[in-house]
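S.K.: Below: sequence and its predicted model.
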Amino acid sequence: SLALAHGAHRLGKRTDPMMERWRNYGLGQFIHWGVYAIPGGQWNGASYGGAAEWIRSWKGMPKEAYDNLYKEFDPENYDPSALAKQAKEMGAKYMIITTKHHDGFCLWPSEYTDYDVTNTPYGKDIIGPLVEAYDAEGIDVYLYFSVMDWNHPGYRSVLATEEDRSAYESFKEFTRNQLLELLERYPTTKGLWFDGTWDEAWKEQAEFADNLATEMRKKIPGLIIGSRFRPDDYGNRHFDSNGDLMGDYEQGWERKLPETYEDTNGNDWDCVMTIPENQWGYHSDWRGHVKTSYELIEMLVKSVSLDGNFVLNFGPDAKGDIRMEEKKLATEIGQWMSKNKSAIYNCGHIDWEKQDWGYYTQNRVTGEVNMVVFNKPINSVLRIKTSSKISLQKIYDLNDATKIYDPEEISQDEYIIQLGDEELAEPKVIVIKYDHSKGETKGYEKAKT
Ligand SMILES: COc1ccc([C@H]2[C@H](O)[C@H](O)[C@H](C)N2C)cc1
């Protein structure tokens with residue numbers, strides 16, 4: 001393998017308590033909020049077809065007009081504790097907030113730029129009260145930070161000239177100052193979610209990024225930083241030139257999920273997900289498919305079954321209100337989570353053969369296996385193929401203690417259980433207690449082929 005000065009500094013998963021806590025969240029909330037919520041995807045009577053938080057890049061939005069929107073930022077309905085309570089009700093264990101998106105507008109009072117909340121009619125810190133409100137609900141806070149910054153004069157996507165390079169040095173200093181400022185102001189932050197690090201200019205900053213990550217972890221020991229921050233010595237990101245993950249978890253699953261455990265390379269990972277097909281910031285005109293709570297619950301369960309966290313995005317509008325569709329989904333997901341959270345929190349992958357009826361999650365504390373059933377087969381029979389040398393002790397409906405399932409062993413390490421006749425009204429969790437006291441096998445004959 002290549003000798004890298006700034007590649008992965010650790011092989012395999014982080015095993016410290018802060019990362020164990022991250023690994024056991026299951027469900028998170030993303031919040032994308034900024035001045036892009038003011039146009040909300042519309043301008044001059046036209047609707048932007050892209051992601052609302054990218055409207056500045058649309059030819060239909062004059063840059064001058066966008067860059068003056070901050071003078072209208074005055075979210076009179078912003079209510080951090082209401083947001084935190086809604087997240088609590090949904091069952092989120094952590095929240096990631098956009099402190100600064102690509103447009104460079106800062107939701108906190110930054111010493112290093114005037115393009116921040118203090119110069120808006122609202123005039124106050126947005127981030128601080130949100131951190132306090134979420135901490136008060138026991139929901140861990142992570143800060144999203146876009147390195148790419150369309151507002152900073154020193155930003156460059158490519159370093160072509162000496163002028164570019166000297167300008168970019170001032171931009172790097174600005175970036176370091178803002179990150180250290182955020183960690184100073186919000187010391188209960190558990191981690192940073194970086195974005196906007198795909199440009200060539202940043203890919204040349206392996207040493208700078210590596211040193212900055214080290215410096216940030218000096219300020220907050222154990223700080224959790226994903227794979228989307230650092231480039232390695234050769235400009236590779238997420239995975240270094242030896243194919244090793246850089247950062248504490250893989251940040252590549254955005255609006256998509258791994259299909260198999262192999263797809264995850266055995267790393268920690270998160271999937272960040274939009275409710276519409278592709279809108280992170282508030283867009284008043286959601287086009288196309290809006291996901292239902294069952295679709296989102298299946299993505300959550302699938303994520304946990306493959307050792308990942310599922311982070312659902314919310315985009316408050318210009319007044320700071322959460323739109324009706326998002327409120328409804330938070331409530332519906334919360335109703336399911338209130339009855340089935342033991343299949344999500346502290347759970348992860350078990351290498352039993354995936355079945356069509358749904359997903360397994362294993363509780364890392366109790367060892368119990370959860371069958372999360374989404375698809376009831378036509379014959380109401382659920383097949384269970386375990387790993388070898390185990391014996392099933394008890395199988396029961398998580399939400400109906402009177403419902404015990406009697407497994408029928410149909411071949412080596414293979415069982416079936418019978419569901420009742422009732423239709424599945426919602427994803428059903430069936431718990432399997434098992435142990436390794438393998439009794440006598442019935443000596444099934446393997447077919448001689
Ligand atoms: C170029 O394609 C992109 C670039 C950045 C994004 C940003 C979104 O604005 C949002 O913040 C998402 C998490 N991020 C990857 C999305 C698509």
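M.R.: That came through fine.
S.K.: can you tell me the residue of this structure closest to the ligand?
M.R.: Closest to the ligand within the chain is residue 280: 4.1 Å, counting by C-beta to the nearest ligand atom. In this view, the C-beta of every residue, glycine as well, is placed from N, C-alpha and C.
S.K.: give the contact list for the closest residue to that residue other than its chain neighbours.
M.R.: Distances taken as C-beta to C-beta, 6 or more residues apart in numbering put residue 32 closest to residue 280, at 4.0 Å, once the chain neighbours are dropped. By C-beta atoms under 8 Å, 6 or more residues apart in numbering, residue 32 lies in contact with 53, 98, 101, 144, 280, 281, 282, 313, 314, 315.
S.K.: so which of those is the most crowded?
M.R.: With neighbours taken as other C-beta atoms under 10 Å, the top of the contacts of residue 32 is residue 315, carrying 29 neighbours.
S.K.: How about that one, nearest residue that isn't a chain neighbour?
M.R.: residue 282 (4.2 Å).
S.K.: OK, contacts around the one you found?
M.R.: With contact taken as C-beta under 8 Å, 6+ apart, residue 282 is in contact with 32, 33, 36, 37, 40, 41, 52, 315, 316, 317, 318, 323.
S.K.: Can you give me the pLDDT of it?
M.R.: On the pLDDT scale, residue 282 is placed at 98.
S.K.: And for residue 436?
M.R.: For residue 436, the pLDDT comes out at 89.
S.K.: do residue 439 as well
M.R.: On the pLDDT scale, residue 439 is placed at 60.
S.K.: one step back: let me know the helix or strand that the residue nearest to residue 315 is in.
M.R.: Using DSSP states H and E, residue 282 sits within no helix or strand.
S.K.: One more: residue 271?
M.R.: Using DSSP H and E, residue 271 sits in strand 269-273.
S.K.: Rounded mean pLDDT for that strand, please.
M.R.: Strand 269-273 shows a mean pLDDT of 98.
S.K.: picking that back up, spell out which two among the contacts of residue 32 are the most distant pair, please.
M.R.: Greatest spacing in these, by C-beta to C-beta: 144 and 282 (15.5 Å).
S.K.: residues in the stretch 51-200 of the chain within reach of the ligand, list them.
M.R.: For the stretch 51-200 of the chain, the contact set with the ligand under C-beta under 6 Å from any ligand atom comprises 51, 53, 54, 195.
S.K.: can you give me the helices in the stretch 251-400 of the chain?
M.R.: Per DSSP state H, counting those that start in this stretch, the stretch 251-400 of the chain carries helices over the ranges 293-305, 324-340.
S.K.: Check which helices and strands the shortest one is in contact with.
M.R.: Helices and strands in packing contact with helix 293-305 are listed as strand 269-273, strand 308-314, helix 324-340, strand 358-363; criterion 3 or more C-beta pairs under 8 Å, 6 or more residues apart in numbering; DSSP states H and E.
S.K.: what angle do the first one and helix 293-305 make?
M.R.: It refers to strand 269-273. 170 degrees (axes from the mean of the first three to the mean of the last three C-alpha atoms, to 10 degrees).
S.K.: Restricting to C-alpha, output strand 269-273 in PDB.
M.R.: The C-alpha trace of strand 269-273 is given here as PDB (Å, rounded to 0.1, in the frame of the first residue of the first chain):
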ATOM      1  CA  TRP A 269     -22.200   5.100   7.900                       C
ATOM      2  CA  ASP A 270     -25.200   7.500   7.800                       C
ATOM      3  CA  CYS A 271     -27.900   8.000   5.100                       C
ATOM      4  CA  VAL A 272     -29.200  11.500   4.800                       C
ATOM      5  CA  MET A 273     -32.600  11.600   3.200                       C
END
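S.K.: That strand pairs with which strands, parallel or anti?
M.R.: Here strand 269-273 is paired, per DSSP bridges, with strand 250-254 (parallel), strand 308-314 (parallel).
S.K.: Please identify the most buried of these.
M.R.: Most buried of the strands paired with strand 269-273 by mean neighbour count (mean count of other C-beta atoms under 10 Å) is strand 308-314; its value is a mean of 24.
S.K.: what is the mean pLDDT for it?
M.R.: On average, strand 308-314 scores 99.
S.K.: Check stretch 250-259 too.
M.R.: The model assigns stretch 250-259 a mean pLDDT of 97.
S.K.: same question, stretch 191-198
M.R.: For stretch 191-198, the per-residue pLDDT averages 98.
S.K.: Stretch 34-54 now?
M.R.: The pLDDT scores in stretch 34-54 average 98.
S.K.: If you count neighbours, what's buried in that stretch?
M.R.: For stretch 34-54, a neighbour-count test (16 or more other C-beta atoms under 10 Å) marks 34-43, 48, 51-54 as buried.
S.K.: after the lowest-mean-pLDDT helix or strand in the chain, next one along is what?
M.R.: Ranked by mean pLDDT, DSSP states H and E, the weakest helix or strand in the chain is strand 400-404, scoring a mean of 94. Heading C-terminal from strand 400-404, the first helix or strand you meet, by DSSP H and E, is strand 408-411.
S.K.: neighbouring strands for that following strand, and are they parallel or not?
M.R.: Strand 408-411 sits in its sheet next to strand 414-418 (antiparallel), going by DSSP bridges.
S.K.: Show me what the helix or strand following the strand it pairs with pairs with in its sheet, parallel or antiparallel.
M.R.: Where DSSP H and E defines the elements, the next helix or strand beyond strand 414-418 is strand 428-435. Next to strand 428-435 in the sheet, as set by DSSP bridges, lie strand 369-373 (antiparallel), strand 391-397 (antiparallel).
S.K.: Please tabulate those strands in TSV, including the columns distance to the ligand, mean pLDDT and mean neighbour count.
M.R.: Shown next, in TSV, are the strands paired with strand 428-435 (distance: least, C-beta to the nearest ligand atom, whole Å; pLDDT from 0 to 100; neighbours: other C-beta atoms under 10 Å):
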stretch	distance to the ligand	mean pLDDT	mean neighbour count
strand 369-373	27	98	23
strand 391-397	38	97	15
